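Visitor: sequence first, predicted coordinates after that:
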Amino acid sequence: MSRRIRRRRVYETICALHQEKGYETASLCALAGIPRSAYYKWLNRETCASEKENTLLLEELIRLYSEVNGIYGYRRMTMNVNSRLKRNYNRKRIYRLMKSVHMQAVIRRKKKHYIMSEPRVTAENVLNREFTADRPNEKWLTDVTEFKLQNGKKAYLSAILDLHDKSIVAYALGHSNNNQGEEEKGLYAKTLPTDDSSGRKGAGGCEGRPSPLYHRSGVTPVPIYRH
């Protein structure tokens, strides 16, 4: 922003505060750090032809900006204003006027074009969308969540959910998304129920270690652990 535009905004602010709030002009000029003579010179000035033209041009820019919901940048604004007014305004002038009122294009997010592909592994739908369980340790679900840390690294959290009471029976946290590696690092070594109502051991023991099944959610297989 140029020094002339900044100074004009200060003058306009002083004038508005004096008229609307009744503040003293001398106090406002002292607070802004400008001489009163400079303010009164601006206040009593004669509007030049270029300033009048800029005011009309800015009104047209604001009108066009509202019609297109703010998606035009200064280049397209220049092209459309010149077409409407039958003029040949320079794009730098349009850019300067738009910048003076903080007018800028709304950046539209580009649509991603996905290529449909067949999944490499299609697992059997054992759960069949029956997300309820009558007793503990009957149906387990698991998934991996990725976290982006402030130091630029990533962490992966894998937890096992019991569908009976929606409780977390085990979890593993690591820096690699490796299901087999997570098991080896202690996914089943966490504290788990040792016995349930049916007398079966939980995953804490070797005998009760569940076999992995899978429920297909979309195209991504989600592992399900079940006794």
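Guide: Looks like it came in fine.
Visitor: secondary structure class for Ile160?
Guide: Under DSSP: H, G, I helix; E, B strand; the rest coil, the three-state class of Ile160 is strand.
Visitor: beta partners of it?
Guide: Applying DSSP bridges to Ile160 gives these bridge partners: Thr142, Ala170.
Visitor: and for it, the neighbour number?
Guide: Taking other C-beta atoms under 10 Å as the criterion, the count of residues near Ile160 is 23. Placement of C-beta: from N, CA and C, glycine included.
Visitor: doesn't Val169 make contact with it?
Guide: Yes. Counting by C-beta atoms under 8 Å, Ile160 sits close enough to Val169 to count as a contact (5.1 Å).
Visitor: can you give me phi and psi for the spatially most central residue of the chain?
Guide: Among the residues of the chain, the smallest C-alpha distance to the mean C-alpha position (C-alpha atoms, centre = their mean) belongs to Arg109, namely 11.1 Å. Dihedral angles phi and psi of Arg109 (degrees, to the nearest 10) take the values phi -70, psi 130.
Visitor: dump the residue contacts of it.
Guide: Contacts were defined as C-beta atoms under 8 Å, 6 or more residues apart in numbering; by that measure Arg109 touches no other residue.
Visitor: mind checking pLDDT for it?
Guide: pLDDT, the model's per-residue confidence, is 77 for Arg109.
Visitor: start at 406, not 1
Guide: All set: I'll call the first residue 406, so the last point we hit is now Arg514.
Visitor: how far away is it from Leu490?
Guide: Here the criterion is C-beta to C-beta, to the nearest Å. By it, Arg514 lies 32 Å from Leu490.
Visitor: over to Gly579?
Guide: For Gly579 relative to Leu490 (C-beta to C-beta), the value is 64 Å.
Visitor: which parts of the chain are helices?
Guide: Across the chain, reading from the start of the chain, the helices by DSSP state H fall at 408-425, 430-437, 441-448, 454-472, 479-490, 496-505, 584-587.
Visitor: pull the distance from the first one to the chain's centre.
Guide: Which is helix 408-425. On the basis of C-alpha atoms, centre = their mean, to the nearest Å, helix 408-425 is displaced by 36 Å from the centre of the chain it belongs to.
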